[in-house]
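Q: What shape does this take:
(chains A and B)
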Amino acid sequence: AQTVTQSQPEMSVQEAETVTLSCTYDTSESDYYLFWYKQPPSRQMILVIRQEAYKQQNATENRFSVNFQKAAKSFSLKISDSQLGDAAMYFCAYEYGNKLVFGAGTILRVKS
Amino acid sequence: DTAVSQTPKYLVTQMGNDKSIKCEQNLGHDTMYWYKQDSKKFLKIMFSYNNKELIINETVPNRFSPKSPDKAHLNLHINSLELGDSAVYFCASSPTGLAGGLRYEQFFGPGTRLTVL
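A: Numbering: from 1, shown residues only, chains lettered A, B, ... in the order given. Next up, the predicted model:
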């Protein structure tokens, strides 16, 4: 069974600084998809970034980038120039066969 | 012009009651999902429908029954509600297939907070 582990229940970052959220997963599949979703206090789930497993190049979306290490089954999210609006719960997710498996989430607090 | 909508947003009810949560998407997607987020914020898939056919059915009590009258709607009916059913229920939708080699994202509704007293 696929599992996703986020080992950091909570992280803090100073505004304008950089923070990295960790995620590891377990799978026997070779082709799959990985996502980071953000859930602010409004409860809405918002896609931050996605990565296809066969692509070696790390995905980037503006201030958000990932460090995808397929052999290590690691998929960390780096947020640069953190902003107050980045404060939220962040979920790492693995998808195979249209089914998303989520990690337990990391609460990110941004200090001004 | 809400993409994925759920009604109601909040639902408070007594143990033993039967309730329904409705979900509608206007994105033209052919796959819809129900997820449950428990009190510890853990999100888990419950069901998935593709073109009105059930394709994913996780280990969910029989008291939960999804119904998809058409591609744009996926409702969740819960019988004999229990305290442990209290959670936030999210509906989501996505197209099937790939866009430029990347899996389409799943678009989530705003969630329905169900409280069973």
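
Q: Could you find the closest non-adjacent residue to B:Leu81?
A: Distance criterion C-beta to C-beta, 6 or more residues apart in numbering or on different chains; nearest residue to B:Leu81, sequence neighbours excluded, is B:Val116 at 4.8 Å. Bear in mind the C-beta positions are built from the backbone N, C-alpha and C, glycine included.

Q: and if you look at A:Pro41?
A: If the residues on either side of it in the chain are set aside, A:Pro41 comes closest to A:Ala88, at 7.5 Å by C-beta to C-beta, 6+ apart.

Q: what does A:Val4 give?
A: The shortest distance from A:Val4 to any residue other than its chain neighbours is 4.0 Å, reached at A:Gly103 (C-beta to C-beta, 6+ apart).

Q: List phi and psi for that neighbour.
A: Backbone dihedrals for A:Gly103, given as degrees, to the nearest 10, come out at phi -80, psi 180.

Q: Just confirm it contacts A:Gln2, I think it does.
A: No. A:Gly103 is beyond contact range of A:Gln2, at 11.1 Å (criterion: C-beta atoms under 8 Å).

Q: anything in contact with each of the two?
A: Residues touching both A:Gly103 and A:Gln2 by C-beta atoms under 8 Å, 6 or more residues apart in numbering or on different chains: A:Tyr25.

Q: Counting neighbours, go ahead and name the busier of the two.
A: A:Gly103 (25 against 15; other C-beta atoms under 10 Å in any protein chain shown).

Q: show me the contacts for the more buried one.
A: A:Gly103 makes contact with A:4-6, A:23, A:25, A:91-93, according to C-beta under 8 Å, 6+ apart.
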